[in-house]
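1. Let me see the structure of the following:
(one chain, ligands or ions: 2)
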Amino acid sequence: MTILITGGAGYIGSHTCLELLQAGFQIAVIDNLENSSIDAIRKIEEYTGAKIWFYDGDIRNREKLNQIFTEHKISAVIHFAAKKSITESVCNPLAYYDSNISGVITLLKVMREYGCKNFLFSSSAAVYGIPECNPITEDMPAGCCTNAYARTKYMTEEILQDLVLSEPSWNVIILRYFNPIGAHPSGIIGELPKGTPQNLLPYVTQVAKGIREKVHVFGNDYPTCDGTGVRDYIHVVDLAQAHVQALRKLTGKTGVHIYNLGTGKGCSVLELIRIFEESNHVKVPYEICERRPGDVAEVYCDPSKAERELGWKATLGIEDMCRDAWRWEKNNG
Ligand code: NAD
Ligand code: WQD
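-> Ligands and ions are numbered 1, 2, ... in the order given. I've put the predicted structure just below:
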């Protein structure tokens, strides 16, 4: 039995591949490499001593999917492959609906043809839009999205709900990630942002390395502990391990099950910069700037449902995230 990982060469996918191999699963990966490199796959194979069946292809390519399902007995799919830039999604929404929505529909149809009905989906805290309060629980309102990217995530959730309603034999788990950061402690895989990083920690690591002059802190007048934005950062290795746990529970769970994945603790922009400096003994110059349009003051989750039902809990702290991200940046960035 093999698990198919779409987008497995990417940031979260590659960390999940590594954890799955270490847990003894066999895996196949499909990735069009539009936002990643085959190096990640090769490095994971070298590190674990296990083989990954890699297919360079697009999830919208039905022939390629047929080939994978013919060559392997796929027991479950973990679906990471998607475009993920919020700004790009606002400028070019059709590209996002094409890849993220057409992609998942093609994938689900092929799965059904081959009798594979176990599906784990990478969703996002972005589906909560502007939350009414914190911590966010899974039953709080979702779907009032503020950009096209987030809408593709929520639409996919709805497609999955409709599919299960029509065919109750599907087992679907939706994982809503909060802010994944960090890298594998071995230093072999990590995040590879193309161009100027849009997320905070990749920007911080590039400033620490001298690639960029200073961090622009987007606003210090929010109603938070120090006025800067607060988020629920989660170590990518913790996140990857949550997928292993979810996969173990998946087959016994018909229907759609939704879980928040975060630590449950908020961290402000200035706290993150301070912890990064202290953990790594480097300076990170910053400047307070205007708020970034569309940002919210504070977002953190209640991850207790994942602990109760999946037996998973984040164990790594902001220090680990900053230390591991810096090791990766120094070696590879
Ligand atoms: P990533 O860009 O590093 O990984 C996505 C991978 O999918 C890349 O390797 C890319 O080449 C591949 N891909 C994209 N479109 C494809 C297609 N049509 N066919 C085949 N391969 C394709 O992104 P990531 O950060 O690892 O995110 C993984 C998933 O998690 C995405 O679905 C993303 O929306 C979701 N997510 C990410 C975050 C985050 O902050 N990183 C937060 C919440 C949710
Ligand atoms: C974090 C905090 C910024 C950059 C986004 C998506 C979300 C998910 C994760 C995919 C905020 C501040 C940032 C900078 C800053 N992705 N900041 N200077 O916006 O919480 O979440 O990525 O699903 O959907 O919305 O993450 O890392 O961009 O920002 O001051 O250069 O850092 O204002 O308070 P965000 P982020």
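2. Near ligand 1, which residues of the stretch 101-250 of the chain are found?
-> By CB under 6 Å from any ligand atom, the residues of the stretch 101-250 of the chain that approach ligand 1 are 103, 122, 124, 177, 180. All C-beta atoms are positioned from the backbone trio N, CA, C, and that covers glycine.
3. Neighbours of the last one, how many?
-> Using other CB atoms under 10 Å, the number of residues around residue 180 comes to 24.
4. picking up where we left off before, can you flag which of the residues of the stretch 101-250 of the chain next to ligand 1 belong to helices?
-> Among those, the members found in helices (DSSP state H) are residue 103.
5. filter the residues of the stretch 101-250 of the chain next to ligand 1 by proximity to ligand 2?
-> Restricting those to contacts with ligand 2 (CB under 6 Å from any ligand atom) yields residue 124.
6. could you redo the residues of the stretch 101-250 of the chain next to ligand 1 as CSV and give each row pLDDT?
-> Listed next are these as CSV, based on pLDDT from 0 to 100:
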residue, pLDDT
103, 98
122, 98
124, 98
177, 98
180, 98
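7. Most neighbours of all the residues of the stretch 101-250 of the chain next to ligand 1, which one?
-> Ranking these using other CB under 10 Å puts residue 122 first, with 26 neighbours.
8. is it true that that one touches residue 84?
-> No - under the criterion of CB atoms under 8 Å, residue 122 makes no contact with residue 84, lying 9.2 Å away.
9. where in the stretch 51-200 of the chain is pLDDT low?
-> Residue ranges of the stretch 51-200 of the chain with pLDDT under 70: none are present.
10. now with 90?
-> Counting by pLDDT under 90, the stretch 51-200 of the chain contains low-confidence residues at 192, 194-195.
11. How about the residues of it by ligand 2?
-> Going by CB under 6 Å from any ligand atom, the residues of the stretch 51-200 of the chain near ligand 2 are 84, 86, 124-126, 179, 198-200.
12. how about a cut-off of 5 Å?
-> Within the stretch 51-200 of the chain, the residues that sit near ligand 2 (CB under 5 Å from any ligand atom) are 124, 126, 199-200.
13. go on, the stretch 201-333 of the chain?
-> Going by CB under 5 Å from any ligand atom, the residues of the stretch 201-333 of the chain near ligand 2 are 203, 217-218, 229, 231, 269, 292, 295.
14. quick one: which of these is nearest ligand 2?
-> Closest approach between these and ligand 2, by CB to the nearest ligand atom: residue 229, at 2.1 Å.
15. Next, work out how far apart that closest one and residue 143 are.
-> 23 Å (CB to CB, to the nearest Å).
16. Please identify which of the two sits among more neighbours.
-> More crowded of residue 229 and residue 143, by other CB under 10 Å: residue 229, with 24 against 14.
17. who touches the more buried one in this structure?
-> In this structure, residue 229 makes contact with 218-219, 222, 268-269, 295-298, judged by CB atoms under 8 Å, 6 or more residues apart in numbering.
18. Inside strands: which ones of those residues?
-> 218, 268 (DSSP state E).
19. I'd like the contacts of residue 229 written out as a markdown table, with neighbour count and distance to residue 69 added.
-> Below are these laid out as a markdown table (neighbours: other CB atoms under 10 Å; distance: CB to CB, whole Å):
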| residue | neighbour count | distance to residue 69 |
| --- | --- | --- |
| 218 | 17 | 44 |
| 219 | 18 | 48 |
| 222 | 19 | 48 |
| 268 | 21 | 46 |
| 269 | 25 | 45 |
| 295 | 14 | 42 |
| 296 | 15 | 41 |
| 297 | 18 | 45 |
| 298 | 18 | 44 |
